[in-house]
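> The sequence isn't on hand, but the structure is:
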């Protein structure tokens, strides 16, 4: 190889190294996704293992975990402004824009994962989906199962046994900062304390909060069992997330690409749902082995108390007439 040719190759390599990776990709599209979950969170795993390969024929994925791309709670606004393609969004976050979405974040409304899917696919959801698309520019593709949320406390069971909502009086329970989340925390009988998800572990470790609520897989994924002593299986919320997608990006796709994205979202949601259910059913023994007591309180007392808090409240006043009855009719 001549010296002149070597210089040419070197200059070409340097030039290519300066070109952004997106321009070197065979795909013209890059889907950016922001999530507050970790790489091992089952929702993230479902996106990487199922959604990403399904769309790889025409789009690359760039994912920001642990709220590194956008802070938790700001993702929907980022999609609306055209700065993000997709996120894993909660009903509580959507309720910040459309208060009627709080009905899907109400304690003891969804019965299980299958009920969530029936509700999402029922025509009762059409006006909710349309409003998110028309007014926020967010298309809700599918529903993901996060799990049954339980109360997880720093105190030992000997120090505080939670049997009814009255036992949570004075307990500073970390809840996400939206109004819907805060209402639910207070409805449980606790004092809801807003705090970002990535700050929860340290707050539990230092005693800045007394507890948090999350499904068992999240307790394990974020190692909350290291800084807590008990879990009362309140099952107060069968929690869900939506795969939220930019309507602007969706409209720019061909019909074939749209079909692929939709099928990829449904497949990822189904995969994540099954994996999450499996983890949820098999983690109690591990958590107990870490010194955390797990027990079931008076669920009827909690259900009655929580639902009574919503009756006649400003939150319930935003719910479209008849929707709660339709949700209940789709139950078991």
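Right, received. Where do you want to start? All values derive from a computational prediction rather than experimental measurement.
> Output the contacting helices and strands for the top helix by length along the chain.
Longest helix in the chain, counting residues (DSSP state H): helix 255-282. Applying 3 or more C-beta pairs under 8 Å, 6 or more residues apart in numbering; DSSP states H and E, we find helix 255-282 packed against helix 42-46, helix 52-55, helix 113-121, strand 138-153, helix 216-221, strand 230-246. Placement of C-beta: from N, CA and C, glycine included.
> hmm, who's touching the helix or strand just after the longest one?
For strand 230-246, the succeeding helix or strand toward the C-terminus, using DSSP states H and E, is helix 247-252. The set of residues that contact helix 247-252 without belonging to it, under C-beta atoms under 8 Å, 6 or more residues apart in numbering, is 29, 31, 82, 85, 133, 137, 138, 139, 258, 261.
> Out of those, which is nearest to residue 294?
The nearest member of the contacts of helix 247-252 to residue 294, counting by C-beta to C-beta, is residue 138 at 36.8 Å.
> list the contacts for that closest one?
The contact partners of residue 138, taken as C-beta under 8 Å, 6+ apart, are 76, 79, 80, 89, 132, 244, 245, 246, 247.
> isn't the fifth one right next to residue 95, touching?
No. Look at residue 132 against residue 95 with C-beta atoms under 8 Å: they stay out of range, at 11.1 Å.
> Nearest residue to residue 73 in space, ignoring adjacent ones along the chain?
Distance criterion C-beta to C-beta, 6 or more residues apart in numbering; nearest residue to residue 73, sequence neighbours excluded, is residue 93 at 6.0 Å.
> Centre-most residue in this structure?
residue 241 (4.3 Å; C-alpha atoms, centre = their mean).
> is it in a bridge, and if so with what?
residue 90, residue 144 (DSSP bridges).
> you'd agree it is up against residue 144?
Yes. Counting by C-beta under 8 Å, residue 144 is a contact partner of residue 241 at 4.5 Å.
> hey, what's in contact with both of these two?
43, 88.
> Who does residue 212 form a beta bridge with?
Bridge pairing for residue 212 - DSSP bridges - gives residue 152, residue 174.
> how much space between it and residue 225?
According to C-beta to C-beta, to the nearest Å, residue 212 stands 12 Å off from residue 225.
> Looking at these two, which is more packed in?
residue 212 (29 against 20; other C-beta atoms under 10 Å).
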